[in-house]
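A.B. asks: prediction below, plus the sequence it came from.
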Amino acid sequence: MEKSRDVILASMMGTIVEWYGIFIFSSGAIYISEVFYPFVNPSIAILLTLLTFALGFVTRPIGAFIFGHYGDKIGRKKMLLLTLLISGIATGLTGIIPGEKSIGILAVIILVLLRLILGFGLGGEWGGAMLLNLENFQKKRGFYSSFVQATVGIGLLIGVFIFLPLVYYLPHSLMISYGWRIPFLLSFVIVIIGVFIRLKIKETPLFIKEKLENKISKFPFKTLMKKHWKSVLLGTIIAGSSGNFFYFAITLLPALFESFHKITVFEGLIGTAVFGIVDIIFVFIGGKISDKNGRRITIAVANIIALIVIYPSIYLISPVYFIIFLTIFGIAHGLSYAPLGAMISEIFPTDVRYSGNSAAYQYGNSFIGGPAPYISDYLGGIFYFLYPVFTIIFIVIAIYSIYRTKESMNTSMDIEDTAT
């Protein structure tokens, strides 16, 4: 029992840091825009902040390649220690960058560099964390993938509970001065806890077996792209669609409605907290359903739910509707997220699995999901009706791709369950 608990906790710690960092940047966007982009009008400043947010995804594919390569060659555990340190330290250092008024454009340059370093570390985090669970727990893989995927909601909630009292008690001037920095600095604490937990765990039994049988691929990424490129493309589309409507909901909608003065920053945080709670619940529901009925149907239903509500979410604007739609998006994302994690790990063999699931997940989020707030905001600036178009396109492509692919639920990962 203790061993199983340690594996689960170790798999979750890095992705908690990941989602916590993403949330506090997007939720603090209105303050970050004033600190780093005071030389332009507020709407342009928000756009530049969302672009800076999106730049964090540029280096994710590089991280997926590097950490996937070495994760398939020398082991999952070593890479997970590195990714946690890189991601967590980059997040924490963001909180100590002087503003543009203090050091000029150098402030923006440092902010962008830290976002790029963060993205590099995160590029290898998710894939290794998922394999830490799925290569230890062979049965009920949808359920066990839920623990890693639940860290989205957990990271959001940790950020909310830190941000809420700051926003409530500190005036806007103090939030600009130092309040927004506190959540970033606290990431150092999470990193220390995470490193301690990850040092306790062992390498996954599947990788150990692969090493003992001399089946380690010499060039995992080359093998991946030569033999499994269709699986990479499928995983990219599925992960990209889920990431797209996720970022549309928790990044674009709050920033958009706050800039229109339709909701307050406080109400935006409440909505995000509701999303986080609902997402955690439905991640486990989605994982259990996918273990019983399959990954494909669960992911497809989730995408259809998001497709139905996306246009109403930008036209029915009020604090109450904002909460309602974030709740529905939380249900949709939660349902899709655990089966997605299991599926894009199950479709690759052990010798390229870290490279494969990292590439699919990070390509999807880097090229499709992560840029969604910026691209949607740009399109909406041309014509309001265009705000959801980018997201809708990839939801439709994902539904079609799921329809054309095979079920992976019963795929063997070639080893007995040794962690339970």
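C.D. replies: Yep, that arrived.
A.B. asks: give me the contacts around stretch 356-366.
C.D. replies: If you take C-beta atoms under 8 Å, 6 or more residues apart in numbering as the criterion, stretch 356-366 is touched by 57-58, 60-61, 63-65, 67-68, 71, 119, 122-124, 126-128, 130-131, 221, 224, 228, 231-232, 234-243, 344-345, 347-348. The C-beta positions use only the backbone N, C-alpha and C, and glycine is treated the same way.
A.B. asks: likewise stretch 253-262?
C.D. replies: 26-27, 29-30, 42-43, 46, 50, 263-265, 268, 271-272, 313-314, 317-319, 322, 325-326, 373, 377, 380, 387.
A.B. asks: pLDDT (mean, whole number) over it?
C.D. replies: Taken as a whole, stretch 253-262 has a mean pLDDT of 84.
A.B. asks: list the buried residues for it?
C.D. replies: Neighbour-count burial for stretch 253-262 flags 253-259 (criterion: 16 or more other C-beta atoms under 10 Å).
A.B. asks: could you do stretch 395-404 as well?
C.D. replies: 395, 397-399, 401-402.
A.B. asks: possible to save those residues as CSV with secondary structure?
C.D. replies: Output for the buried residues of stretch 395-404, formatted as CSV (DSSP: H, G, I helix; E, B strand; the rest coil):
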residue, secondary structure
395, helix
397, helix
398, helix
399, helix
401, helix
402, helix
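A.B. asks: closest to residue 412 among those residues?
C.D. replies: residue 402 (21.6 Å; C-beta to C-beta).
A.B. asks: which residue ranges form the strands in this structure?
C.D. replies: Along the chain, no stretch is classed among the strands by DSSP state E.
A.B. asks: re earlier: format the buried residues of stretch 253-262 as TSV; extra columns: distance to residue 178.
C.D. replies: Converted to TSV, those look like this (distance: C-beta to C-beta, whole Å):
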residue	distance to residue 178
253	27
254	22
255	21
256	26
257	26
258	21
259	23
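A.B. asks: among those, find me the one that's closest to residue 163.
C.D. replies: Once C-beta to C-beta is applied, the member of the buried residues of stretch 253-262 that ends up nearest residue 163 is residue 254, at 11.5 Å.
A.B. asks: relative to residue 341, how far out is the closest one?
C.D. replies: 25 Å (C-beta to C-beta, to the nearest Å).
A.B. asks: same thing with residue 190?
C.D. replies: Distance from residue 190 to residue 341, by C-beta to C-beta: 21 Å.
A.B. asks: of those two, give the one with the bigger neighbour count.
C.D. replies: Per other C-beta atoms under 10 Å, whichever of residue 190 and residue 341 has more neighbours is residue 341, with 33 against 21.
A.B. asks: which residues touch that one?
C.D. replies: Residue 341 neighbours (C-beta under 8 Å, 6+ apart): 130, 145, 148-149.
A.B. asks: from the middle of its chain, how far away would stretch 277-293 be?
C.D. replies: Remark: stretch 277-293 is offset 17 Å from the chain centroid, using C-alpha atoms, centre = their mean, to the nearest Å.
A.B. asks: my bad, stretch 158-177
C.D. replies: 23 Å.
A.B. asks: got the CA coordinates for that stretch in CSV?
C.D. replies: In CSV, the C-alpha atoms belonging to stretch 158-177 read as follows (Å, rounded to 0.1, in the frame of the first residue of the first chain):
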residue,chain,number,x,y,z
ILE,A,158,-4.0,25.5,-4.9
GLY,A,159,-3.5,28.6,-7.0
VAL,A,160,-7.1,29.9,-6.4
PHE,A,161,-6.8,29.4,-2.6
ILE,A,162,-3.6,31.5,-2.7
PHE,A,163,-4.8,34.1,-5.1
LEU,A,164,-8.3,34.6,-3.6
PRO,A,165,-7.3,36.2,-0.3
LEU,A,166,-4.6,38.3,-2.0
VAL,A,167,-7.2,39.7,-4.5
TYR,A,168,-9.8,40.1,-1.7
TYR,A,169,-7.6,41.8,0.9
LEU,A,170,-5.0,43.7,-1.2
PRO,A,171,-5.9,46.8,-3.2
HIS,A,172,-5.1,46.8,-6.9
SER,A,173,-2.0,48.9,-6.3
LEU,A,174,-0.5,46.4,-3.9
MET,A,175,-1.4,43.5,-6.2
ILE,A,176,0.6,45.2,-8.9
SER,A,177,3.4,46.0,-6.5
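A.B. asks: fine by me, we can end here.
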